[in-house]
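**Q** have a look at this prediction, sequence included:
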Amino acid sequence: MSTAPRTPAQAAGGRASTKKELPEHFKAYKHVWVFIEQERGVVHPVSWELMGAGRKLADKLKVDLAAVVIGPDGEATQHAAAESFCYGADLVYTVADNLLADYRNESYTKALTDVVNTYKPEILLLGATTLGRDLAGSVATTLLTGLTADCTELDVDADGSLAATRPTFGGSLLCTIYTLNYRPQMATVRPRVMPMPERVVRDTGRIVSHPLGLVEDDIVTKVLSFLPDRDSAKSNLAYADVVVAGGLGLGSPENFQLVRQLATVLGAEYGCSRPLVQKGWVTSDRQIGQTGKTIRPKLYIAAGISGAIQHRVGVEGADLIVAINTDKNAPIFEFAHVGIVTDAIRLLPALTAAFRARLSPHSRDRIAS
């Protein structure tokens, strides 16, 4: 492990004496793979974000980028495979079987590990979603390889090893982790950490189909029915164009209403820092940062948030960060584009009134354009 995430190539020299020769049977492992997560015919956007990151890794390694699509036999899986080419895939591996209509750890782990063992990728990337985390852990355990979770940066070292950077020690430090002597090198990345690549219309390329090799009786877990989460659409922080968030600097849960009011006027989503969730002021689905949501809005307004690294890693992809804080030495001013040293409790109502006076209901939809 190295604690110099911004210069992974330099870290190689420091660990050169500890690296062993890659076992001979792992030298055949080539190419970069991305697991395409789909549920009920809908591909999770993090899969396309990872295709963009995977394309950069594959180009550096001068290897192919492949997508792995697992799902039921039918149009949805075929469409996900075809879309993968539009996001940069050189080829697609599919495991299509109606036993895969619902995610079950046993069947999906069997499908993905079989494909890996047969075609041997050197890097395998998955989204750090609820499904992706569950699948990645079981696949890595089955394959007896390493897994770096919740990465904020991916790169390749001078010797071609995957350099996976993630926060550690409660988010106070960024470290770069290497899987030196095992393959594939696995990593998960949370939604919105990587930018969404441009979709380019392309013809369907090479698709390799692989059988599942299971029957229903082989699977212990049974799906009795599907009940959608009634709160699943409560917040859309990760993909919002405008986000307003508050922190401990607001002083009380009553003052957090000022954040909600400004968000409403702007047609924005609202969020908070981790301490507010810990105090019970705001629900956890609104938390922004390392242990919450990662966001990439066009405009992010942070009121009374100090900007510790746990929060920074969740917001630094924003196009424009406006920070409001009474402490001129607050860490958030080190990465904010616009800093305002004042009391957010006084400024937020003024901003809300000013935007309400200037914005019509229709113009709110265009505020981030």
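**A** That came through fine.

**Q** give the buried residues for the helix or strand containing residue 261.
**A** According to DSSP states H and E, residue 261 maps onto helix 257-266. For helix 257-266, burial by neighbour count (16 or more other CB atoms under 10 Å) applies to 258-259, 261-263, 265-266. C-beta coordinates here come from the backbone N, C-alpha and C atoms, glycine included.

**Q** who are the packing partners of that helix?
**A** Applying 3 or more CB pairs under 8 Å, 6 or more residues apart in numbering; DSSP states H and E, we find helix 257-266 packed against strand 242-246, strand 269-272, strand 299-303, helix 344-358.

**Q** next SSE after the second one?
**A** This points to strand 269-272. Downstream of strand 269-272, the first helix or strand assigned by DSSP H and E is helix 274-278.

**Q** pull the residues that contact that next one.
**A** Contacts to helix 274-278, defined as CB atoms under 8 Å, 6 or more residues apart in numbering, come from residues 246-248, 256, 282-284, 286-287, 289, 291-292, 310-311.

**Q** so of these, which ones are in strands?
**A** Under the assignment DSSP state E, the contacts of helix 274-278 contribute residue 246 to strands.

**Q** give the contact list for the residue nearest to residue 296 when sequence neighbours are not counted.
**A** With CB to CB, 6 or more residues apart in numbering as the criterion, residue 296 has its nearest non-adjacent residue at 4.0 Å, and that residue is residue 317. Residues in contact with residue 317 (CB under 8 Å, 6+ apart) are 192-193, 195, 294-296.

**Q** which of these are buried? Put it as a ChimeraX command.
**A** Filtering these down to the buried ones (16+ other CB under 10 Å) takes a single ChimeraX command:
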select :192,193,294,295,296
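
**Q** need the contacts of residue 317 in JSON lines with pLDDT and distance to residue 140, can you?
**A** Shown next, in JSON lines, are the contacts of residue 317 (pLDDT from 0 to 100; distance: CB to CB, whole Å):
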{"residue": "192", "pLDDT": "90", "distance to residue 140": "23"}
{"residue": "193", "pLDDT": "91", "distance to residue 140": "19"}
{"residue": "195", "pLDDT": "91", "distance to residue 140": "26"}
{"residue": "294", "pLDDT": "93", "distance to residue 140": "22"}
{"residue": "295", "pLDDT": "94", "distance to residue 140": "28"}
{"residue": "296", "pLDDT": "93", "distance to residue 140": "27"}
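
**Q** quick one: which of the contacts of residue 317 is nearest residue 52?
**A** Within those, proximity to residue 52 (CB to CB) peaks at residue 195, which comes in at 6.3 Å.

**Q** dump the residue contacts of that closest one.
**A** 49, 52, 296, 317.

**Q** mind listing the helices in the stretch 1-150 of the chain by residue range?
**A** Using DSSP state H, counting those that start in this stretch, the helices assigned to the stretch 1-150 of the chain run over residues 8-15, 45-61, 75-86, 105-119, 130-143.

**Q** most tightly surrounded among the ones you listed?
**A** helix 45-61 (a mean of 21; mean count of other CB atoms under 10 Å).

**Q** just checking, residue 256 touches residue 272?
**A** Yes - counting by CB atoms under 8 Å, residue 272 is a contact partner of residue 256 at 7.2 Å.

**Q** common neighbours of these two, please.
**A** Taking CB under 8 Å, 6+ apart as the contact rule, residue 256 and residue 272 both touch 246, 281-282.

**Q** let's have those in TSV, adding pLDDT.
**A** Formatted as TSV, the shared contacts of residue 256 and residue 272 follow (pLDDT from 0 to 100):
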residue	pLDDT
246	97
281	95
282	94
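
**Q** just send those residues back as JSON lines, with distance to residue 35 and neighbour count too.
**A** What follows is the shared contacts of residue 256 and residue 272, written out as JSON lines (distance: CB to CB, whole Å; neighbours: other CB atoms under 10 Å):
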{"residue": "246", "distance to residue 35": "36", "neighbour count": "33"}
{"residue": "281", "distance to residue 35": "36", "neighbour count": "18"}
{"residue": "282", "distance to residue 35": "32", "neighbour count": "22"}
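
**Q** give me the nearest residue to residue 47, chain neighbours excluded.
**A** residue 36 (4.6 Å).

**Q** ugh, typo on my part, it should be residue 137
**A** Residue nearest to residue 137 in three dimensions, not counting chain neighbours: residue 147, with 6.7 Å by CB to CB, 6+ apart.

**Q** what sits against the one you found?
**A** 136-137, 140, 186-188.

**Q** how close does it sit to residue 175?
**A** 15 Å (CB to CB, to the nearest Å).

**Q** over to residue 300?
**A** Distance from residue 300 to residue 175, by CB to CB: 26 Å.

**Q** the more surrounded of those two?
**A** residue 300 (26 against 17; other CB atoms under 10 Å).

**Q** hang on, the more buried one packs against residue 314?
**A** No - counting by CB under 8 Å, residue 314 is not a contact partner of residue 300; they are 10.0 Å apart.
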